[in-house]
Structures are given as C-alpha cells and as structure tokens.
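**Student:** structure of the sequence below:
(one chain, ligands or ions: 1)
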Amino acid sequence: MSKRLQEEIARRRTFGIISHPDAGKTTLTEKLLLFGGAINLAGAVKARKAARHATSDWMKMEQERGISVTTSVMKFNHRDFEINLLDTPGHQDFSEDTYRVLTAVDAALMVIDSAKGVEAQTEKLMEICRMRNTPVITFINKLDREGMDPLDLLADIEEKLQIECAPLAWPIGMGKRFKGVYSLYRKQLNLFTPGAETRNQELITIEDLADARLDELLGDQAIELRGDVELLEGAANPFDLEDFLKASQTPVFFGSAVNNFGVRELLDAFVELAPAPGPRMTETREVRPDEEQFSGFVFKIQANMDPAHRDRIAFLRICSGKFERGMKVRHHRIGKEVALNNAIIFMAQDRAHIEEAYPGDIIGLHNHGTIKVGDTFSSKEPLKFTGIPSFAPEHFRRVRLKNPLKVKQLDKGLTQLAEEGAVQVFRPLLGADWILGAVGVLQFDVTMERLKNEYGVDAVYEGIDFATARWIDCEDAKKLEEFQKKNQANLALDAEGNLAYLASSEWRLGYVQEQWPEIVFHKTREQG
Ligand code: GDP
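**Tutor:** Below you'll find the predicted structure:
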C-alpha cells in the first residue's frame, strides 16, 4: 500500500451542508469557498446560479419558484486539506436526492438560524445523518441579529435532534450587542465589528477569563461571558472526539456567515475534527480507502449542467485507490470495461479535466445513458457498494401522452429519468400506462419539463388513486402467485422489474399486510 495514497487520503475531507431553507447555507458555502481561494468574488455562487438559470428552461422553473433543485460538487483547499463540498437541494421535495448525496459524504455541517432554532427540514436531514452515523458539526448562524438564547438553542438541538451538543465556542451577546465569539478550546477571543471585513482579523489569546483585558475589550459583557462559561462548565458536555465520530455528539460553533464572522474558525475546526475518507461496505466485503484497487460508486446523475451541450454528468465518489486519467475500469452492472478519459472535477466556477484523484474526491463522468445511480466502477474485482436506497413514493401520477406517435420518446425519456433518480416509474400489471411515483410532488414538474425539452414529448398528468407503495417479496412462490392474482389492479413493476404494491391509503396497505402475513412489504429498496 503506497504511502502517497495514505497521505492523500488523510488530507481529504468530503462533506455536505444541511439546513432548513434560509438558514444561510448558500452564504456559508460562498464564504467557505472564499477561504479556499476557489472564488475571488463574493456573490459568485449566487451569480453562477443566476447565470445557469438564464440559459436553462428547467432551471428557469427553479428560479421562478425560488427553489434550488440542483446539487453541485465543489472542490477547494484550506491549509493542507483538499475539501470536497457537496451541495444538497434545500427543498424537501427533493429529499431523495439529498439522501443520495449524503451517502457520498464523510461528515455534515449543519447550519441553524439563531432566531429559529431547529426547523422542519433540519430535522429530516439530521434523520438521514443519523441513519448513516454521519458525524455532524453545527454552525449557529446570524448572531448579528436578535435570536434565541444560546443555551436554549443547544437545548432545542438536543431535544429535537437527539444529539448531544458540545459548544467549542461561545457567543458574546447577540444582535446589536453582539461582540464576538470566544473559542473555548483555543482560548481565543474573536471580536466582531459590524460591517467590517472580519475574516482575517487577529484573534486575541486570553488563557484565563479573569484576565483584566477582557473587561477592557468587552466592558460589562466580560462578566456575562465569565458567567456563561462557568455555567457551561457545569452544564454542557465536554467535547469528545469519539462521540463526535460516532455521531452521538455535535460540536457547536457560532457566527455570522454574511459577515464572514466565525467562518474561518469553523473551517479550521472542521478540517481538524471531521474524519478523512473511511471504509465503505459492499455486498461482498468492506473496502478500505487505502487499497490499491480503484473503486467508486455513482450517487447522482445531473442533466443540463451545461445547457449548451445538454450533457449529463454522473457523479462518482472514489472509495479506494488512485484515479488516473485514461485508466480502464469495469462498469459492473453492464459488465463492460470503460476507459475514463474525460473525467472532470468541479470548482466553484469551472470544471476541469482531471489527471488524478483520490478517495473522498468526487469525479464527474459523461453519461450517455448507460450509467445509473448506484452503479459501481472498479479496476477489477466485481463490487457493489450498498446503502443507496430508493424510497417508497408517496405521490403518484398517470402519464397520458397527447401525441401517440411519441410513445418511443416517452419510454426512453422515462427510463432515463428513472435511472437518474429524478422520478420513479411503474408499469401496472394491468394496462399499458406509465405510472410515476415521487417522494415530493415537485419531482413531477421537473420530470414533465424535461420530457418536453429533452425528449420532445407532449404529455399531461392525470391523478391516480394511490397514496403509497411497497416493494414486494415472498419466499413462498405459490403464495406470491396467489397474492398477484388477487391484487392485480394494485400491482406494478418498477424500472428494474421489481414487483411493487400500490395502495390507495396507508390504512388499506395495513389491511392488505394483515391479510397476507407471508408477503414481505419493503419501504425502501437498494438501487441496482
Ligand atoms: P439558504 O437558503 O440556506 O441557502 O440561505 P441563504 O444563504 O440564501 O441566506 C438566506 C438569507 O439570510 C439571505 O438574505 C442572507 O443574506 C441572510 N443571511 C445569511 N447569513 C446571515 C447572517 O449571518 N446574518 C444575517 N443577518 N443574515 C444572514
């Protein structure tokens, strides 16, 4: 095992930001990229979003509705670290997509609005992190505004998210009285000046809070800080790296993203605390990142990244070995060898052809309709990474084609969109219509836009009386046959030919489950 490979792994950090819309994810992303030197212009992240909107119909919809659908990957450096930041869609209708993105990270950064505390979408995203034991670092944002009491914020996080909080910094006042942040583990004071460019400010080391300099710098608020810290020593949990890595504790930081305040401290702590890429499970064995063999899996396919080319990019997370341009790898699902000549990486504003990459890195592969979400690529050994599920849809539509001559285009479009994970498709056992299933209804709008623009299909949706679905399984072939006969009207095959039961209500589903104890009903299904 090469030393170089190990060193490259050790300096990689791959993470996603989770937050409720408006908490400050975009602003924080932008500031993080500024530190990395990935962009040199404040506002570039948003400008980039806007530029894309202008050229793509599909994104126009995003813009009109003020939601962000796209997920992008950005690479930047900080100190000696190579950081991959995966952006997650903020809108809950795309939570399935977000879930898949979070399968590719090693840690998450949770942003919380100090005035609002934990919000609905934060809870959902945290649930996903918990399912995978992803370590989470918390940033409480907007301290320049009046917000909740910091202790109440910690209590809110602990209660709603079921995770222990360990503050590593503490705010001094808030809103108009916001004076800055005291780092509890570095024993440094970071003073806030409203409106000033605060990111490269000198930090003042104050080992002992009894130091009289504190009174000079903070006035009355020095006493408050002393009181708070004393209280914390008794009440708050001490930081424990192992608990953080096990995802049972989250270190907490405070700041103001828009003022770029507290962001450098957050990033410094992040690269030091967050884990480097670790081992990952496949169907056959655990794969260590420092294995010589290259391996990785596709967690997302994105269309229209460059509308001029109508291209589709498959995002692959490298799990082991070194990637080299032109290397030959096996695409196991279709049993083919492919040469990776044109893999790309993504910076904030650019994409570039990549010569080499390491575990934790995300590379983009051009997809001409052969790559599916969940696909594994490796140098030799047949592997299949696990943990990339489909979720049972909760919304359904029947597709009615307006121009029957376009049936081929419709079939092709829906098959590809399903492979990208944009929507789920079902073929009922009775009848020839397509039934679409989604976790969030906006997925239907995106699908229809893309059917029109990319496949030239003119179709409309019709409502259909289904409210939930389960994938069906049964060891007893006879029972299964019997079940199929009796429930034909509710059965359909998904894109991969798996049998699914579509129910008109949760109640109805429960009833059928009781009637057929031998049949197993699955709420999620592994991709591939
Ligand atoms: P996102 O929806 O989570 O990506 O949130 P944005 O980054 O777009 O921020 C939402 C709003 O909050 C914007 O108007 C930001 O300017 C504002 N905002 C972000 N960070 C701060 C902050 O630290 N203080 C204040 N006062 N506003 C902020």
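**Student:** how deep is the residue of the stretch 51-200 of the chain found nearest the ligand tucked in, by neighbour count?
**Tutor:** At 3.9 Å from the ligand, Lys142 is the closest residue in the stretch 51-200 of the chain, using Cβ to the nearest ligand atom. (C-beta placed from N, C-alpha, C; glycine too.) Using other Cβ atoms under 10 Å, Lys142 has 26 other residues around it.
**Student:** same thing with the one 5 residues further on?
**Tutor:** For Gly147, the number of neighbouring residues by other Cβ under 10 Å comes to 23.
**Student:** surely it and Ile112 touch.
**Tutor:** No: using Cβ atoms under 8 Å, Gly147 is not in contact with Ile112; the gap is 9.6 Å.
**Student:** mutual contacts of these two, please.
**Tutor:** Taking Cβ atoms under 8 Å, 6 or more residues apart in numbering as the contact rule, the neighbours common to Gly147 and Ile112 are Leu153.
**Student:** what does this protein put close to the ligand?
**Tutor:** Within the chain, the residues that sit near the ligand (Cβ under 6 Å from any ligand atom) are 19, 21-27, 90, 141-142, 144-145, 256-259.
**Student:** any idea of the pLDDT on Arg450?
**Tutor:** Arg450 carries a pLDDT value of 89.
**Student:** same deal with Ser56?
**Tutor:** Confidence at Ser56, expressed as pLDDT, is 39.
**Student:** re earlier: check contacts around the residue of the stretch 51-200 of the chain closest to the ligand.
**Tutor:** Lys142 sits next to Gly24, Asp113, Ser114, Ala115, Ser256, Ala257, Val258 when contact means Cβ under 8 Å, 6+ apart.
**Student:** now with 7 Å, please.
**Tutor:** Listed by Cβ atoms under 7 Å, 6 or more residues apart in numbering, the contact set of Lys142 reads Gly24, Asp113, Ser114, Ala115, Ser256.
**Student:** test my guess that the fourth one contacts Asp149.
**Tutor:** No: with contacts counted by Cβ atoms under 7 Å, Ala115 stays clear of Asp149, the gap being 11.2 Å.
**Student:** these two touch, right, Asn84 and Lys75?
**Tutor:** Yes: with contact defined as Cβ under 7 Å, Asn84 counts as touching Lys75 (5.4 Å).
**Student:** and Ala115 and Asp149? which has more neighbours close in?
**Tutor:** Set Ala115 next to Asp149 and count neighbours by other Cβ under 10 Å: Ala115 wins out with 16 against 11.
**Student:** check which helix or strand that one maps to.
**Tutor:** Using DSSP states H and E, Ala115 sits in no helix or strand.
**Student:** the closest residue in space to it that isn't next to it in sequence and Ala23, how far apart?
**Tutor:** Nearest in space to Ala115, with sequence neighbours left out and distances taken as Cβ to Cβ, 6 or more residues apart in numbering, is Gly147 at 4.1 Å. Between Gly147 and Ala23 the distance is 12 Å, computed by Cβ to Cβ, to the nearest Å.
**Student:** likewise Val338?
**Tutor:** Relative to Ala23, Val338 is positioned 40 Å away (Cβ to Cβ).
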